[in-house]
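Engineer: Turn this into a model:
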Amino acid sequence: MRVERIEWDGADATACAAQVRALVPGLEKVTREVGEVIVAVGAHGDQAVRDLGVRFGEVQVENFRVDPGLIQAAPSLIDATLREALMVAARNIAHLARAEAEVLLRPVSAELDAGQRVEVGASPVASAAVYAPGGSGGYPSSVLMGAIPARVAGVGRLVVVSPPAGNGRPSDAVLAACATVGVEEVYAVGGAQAIAALALGTESIRPVDVIAGPGNRYVTEAKRLLAGRVGIDGIAGPSELAVVADGTADPELIALDLCAQAEHGDDGLVVAISPDPALLDRTAELTEALAAQRPSVADPALALVTAPGLELALTLADALSPEHLELAFQGADEASARGRVAGCVFVGSGGATAFGDYAAGSNHVLPTGGAARFGGPLGPGAFMRRTSVVHLGSAAAAELAPHVAAIAETEGFPVHAESALARAKR
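Structural biologist: I've put the predicted structure just below:
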């Protein structure tokens, strides 16, 4: 890994966080290339998707749509242990998603001062797509993380896209996950071109209302550039982990967790922050040794930051606003985790990010690149649209109209004022 040691004096957490983030390339590095992909797909549809897939190393695919029969057969083609694991993960994810949806789908109504009534309610979008990254075995977990909240939200048309494997379709594990959650519309397409196809539509792929799911910086930048044309869940990739630890933490476990996160690719970010330089020294030594013995570990940036005290270490973690945050210090509990600025916080003796990635029930589609400052985990809310309904009787209109007129005329909209006052007169 590309190790960077930082001695932080505690003076400016925002500046130190920016120094750490500068170790990895920003999304703007690929904006131009991704923009060209979007233009090509918009102009040439399926043919552009096909040509771009080959250009970026995907298997040539003539028919993007996967035969639903292959999806239904996929669970029987995977190992029984994996099949059971997917079921356990699906149950946990669904349990939390249902609890979230129960709150989100409950309409809110208020009787206001002039007697008008305003109601705000949520409804599912008509269609949504989940992007499941490729890789050696595909990402069946991402299918579950995206499709289950969408199903719970009540989305009617649900699509999964995932890069084709050597046989020209997504892996059996990805297709088995699709079968587990009842998704029958699956396309063997990956990369930024898949996002463009879902947003703009092609001859084979009808556009959707919302695109969710994690991805590399090309996929993430495509979602960002197309936001507004299509709804997106947020900025979810490349992956990152920060660990705040003191001298009581086990450096071997920290090293394992950093290496585990490093499996996601070279463009990720892993960080350890501690007031204990000896812990960081040992963590660096173990991380490099473990990575050298594990071919699946990629080469992301590893920042080892010495902080002047545990509280300042936590302050820096908040400024960094990482996707995943592990609290590995004495006394770390739910109270110390609550209010932290991160996509998902892990505490407890078993608090490894790997559990959240798969089966704990939390969602692994999380804000990255500092987006945890304003975003959060994927859930049913990403697949809902909110609508306000305003009921105004004549008495309420008469009372509010002068106030509407005063504000409208100040803003240079006299016809707004006229419209409101006309209602009041009737």
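Engineer: C-alpha from now on. contacts and neighbour counts both.
Structural biologist: Noted.
Engineer: Can you read off the pLDDT for residue 38?
Structural biologist: Reading off the confidence values, residue 38 has pLDDT 98.
Engineer: Please name every helix or strand in contact with the helix or strand containing it.
Structural biologist: Residue 38 belongs to helix 31-55 when elements are defined using DSSP states H and E. Helix 31-55 sits against helix 191-200, helix 217-226, with contacts defined as 3 or more CA pairs under 8 Å, 6 or more residues apart in numbering; DSSP states H and E.
Engineer: then the last one to PDB, C-alphas only?
Structural biologist: Backbone C-alpha positions of helix 217-226 (Å, rounded to 0.1, in the frame of the first residue of the first chain) are rendered in PDB as follows:
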ATOM      1  CA  ARG A 217     -15.100   6.500  -9.600                       C
ATOM      2  CA  TYR A 218     -16.300   6.200 -13.300                       C
ATOM      3  CA  VAL A 219     -19.700   4.800 -12.200                       C
ATOM      4  CA  THR A 220     -19.900   7.400  -9.300                       C
ATOM      5  CA  GLU A 221     -19.100  10.300 -11.600                       C
ATOM      6  CA  ALA A 222     -21.600   9.200 -14.200                       C
ATOM      7  CA  LYS A 223     -24.300   9.200 -11.500                       C
ATOM      8  CA  ARG A 224     -23.200  12.600 -10.300                       C
ATOM      9  CA  LEU A 225     -23.200  14.100 -13.800                       C
ATOM     10  CA  LEU A 226     -26.600  12.600 -14.600                       C
END
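Engineer: Could you pull out the strands in the stretch 201-350 of the chain for me?
Structural biologist: Using DSSP state E, counting those that start in this stretch, the strands of the stretch 201-350 of the chain run over 210-212, 231-232, 240-245, 269-274, 301-306, 324-328, 344-346.
Engineer: Mean neighbour count for the ones you listed - can I get that in a markdown table?
Structural biologist: A markdown table is the format used below for the strands of the stretch 201-350 of the chain (neighbours: other CA atoms under 10 Å):
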| stretch | mean neighbour count |
| --- | --- |
| strand 210-212 | 27 |
| strand 231-232 | 22 |
| strand 240-245 | 26 |
| strand 269-274 | 26 |
| strand 301-306 | 24 |
| strand 324-328 | 26 |
| strand 344-346 | 23 |
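Engineer: show me where pLDDT drops low in the stretch 51-200 of the chain?
Structural biologist: For the stretch 51-200 of the chain, no stretch is flagged by pLDDT under 70.
Engineer: still on that earlier bit, take the strands of the stretch 201-350 of the chain and write them to CSV, including distance to residue 363 and mean pLDDT.
Structural biologist: Converted to CSV, the strands of the stretch 201-350 of the chain look like this (distance: least, CA to CA, whole Å; pLDDT from 0 to 100):
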stretch, distance to residue 363, mean pLDDT
strand 210-212, 12, 98
strand 231-232, 16, 97
strand 240-245, 15, 97
strand 269-274, 19, 97
strand 301-306, 24, 96
strand 324-328, 11, 96
strand 344-346, 9, 97
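Engineer: can you redo those strands as TSV with distance to residue 149?
Structural biologist: Below are the strands of the stretch 201-350 of the chain laid out as TSV (distance: least, CA to CA, whole Å):
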stretch	distance to residue 149
strand 210-212	10
strand 231-232	14
strand 240-245	23
strand 269-274	27
strand 301-306	32
strand 324-328	20
strand 344-346	17
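Engineer: Residue 402: which of the ones you listed is closest?
Structural biologist: strand 231-232 (37.4 Å; CA to CA).
Engineer: Give me the sheet partners of the closest one and which way each runs.
Structural biologist: Using DSSP bridges, strand 231-232 pairs in its sheet with strand 210-212 (parallel).
Engineer: now the partner strand, how far from the centre of its chain.
Structural biologist: 10 Å (CA atoms, centre = their mean, to the nearest Å).
Engineer: Show residues contacting it.
Structural biologist: With CA atoms under 8 Å, 6 or more residues apart in numbering as the test, strand 210-212 has contacts from 125, 127-131, 146, 195, 198-199, 223, 230-234, 382-383.
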